[in-house]
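Asker: I need the structure of the sequence given here:
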Amino acid sequence: MAWQPGQRITAQRLLDNTPNTVAYSAITTNTSTTTAAEVVGFTTPPIMFRTGRAYRIRYKGGVFSNTPGQQGTAAVRKTDLGGQTYINAFRIYLPAAGTVAFDFSNICTNTSGANITAALVGTFGLTVAAGGTVNLAASTPNPAYIHVEDIGQAADYAGATAIT
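Answerer: Next comes the predicted model:
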């Protein structure tokens, strides 16, 4: 946003000019294992996405496989498994038994004309099974997390994923 002559400085105005954290949610223990295509690993508290703003959503963690040759997935969705997808990792190749780290992000904008408040879910799953299971791996030194930052005006990010 451009500053106008005589415009007052407010805390919100200052925040709107630099990236700032809106939400951060993490888990520090492994989830249960699954053979399902997608399950919820954890849920954030409700987040308010202000109208006219752009957000960087980041999902970081690990997918643990007990069998080599599997393919896992990770996604961030609005509210639940049926919600709008903000990040979709599609397939994460798991070449050996063990943990494969992932770190995905996407830019999303709210141009709806109204603030939108919703929880986000971090999901994981097994897309191609080789007879084993997967889980979302996390620990105290290596948490799995969703980090949401307000990064500026939505108009600056044409073509970004719409928050609806």
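Asker: Show me what the strand or helix carrying residue 102 is packed up against.
Answerer: Using DSSP states H and E, residue 102 maps to strand 98-110. Applying 3 or more Cβ pairs under 8 Å, 6 or more residues apart in numbering; DSSP states H and E, one finds that strand 98-110 makes contact with strand 53-65, strand 70-78, strand 85-88, strand 92-94, strand 161-162. No exception for glycine: its C-beta is placed from N, CA and C like everyone else's.
Asker: Residue 154 is nearest to which of these?
Answerer: When those are compared by Cβ to Cβ, strand 53-65 sits nearest residue 154, at 4.9 Å.
Asker: buried sites along the helix or strand hosting residue 121?
Answerer: Using DSSP H and E, residue 121 falls within strand 120-128. Residues of strand 120-128 classed as buried by neighbour count (16 or more other Cβ atoms under 10 Å): 120, 121, 122, 123, 124, 125, 126.
Asker: Quick check: bridge partners of the last one?
Answerer: So the one you mean is residue 126. Counting by DSSP bridges, residue 126 forms beta bridges with residue 72.
Asker: isn't it right up against residue 39?
Answerer: No. Taking contacts as Cβ atoms under 8 Å, residue 126 lies outside contact range of residue 39: 9.3 Å.
Asker: ok so, going back, in TSV, list the helices and strands packed on strand 98-110 along with distance to residue 24.
Answerer: Formatted as TSV, those follow (distance: least, Cβ to Cβ, whole Å):
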stretch	distance to residue 24
strand 53-65	10
strand 70-78	13
strand 85-88	15
strand 92-94	23
strand 161-162	20
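Asker: For residue 44, which of the ones you listed is the nearest?
Answerer: Taking Cβ to Cβ, strand 70-78 is the member of those nearest to residue 44, at 9.1 Å.
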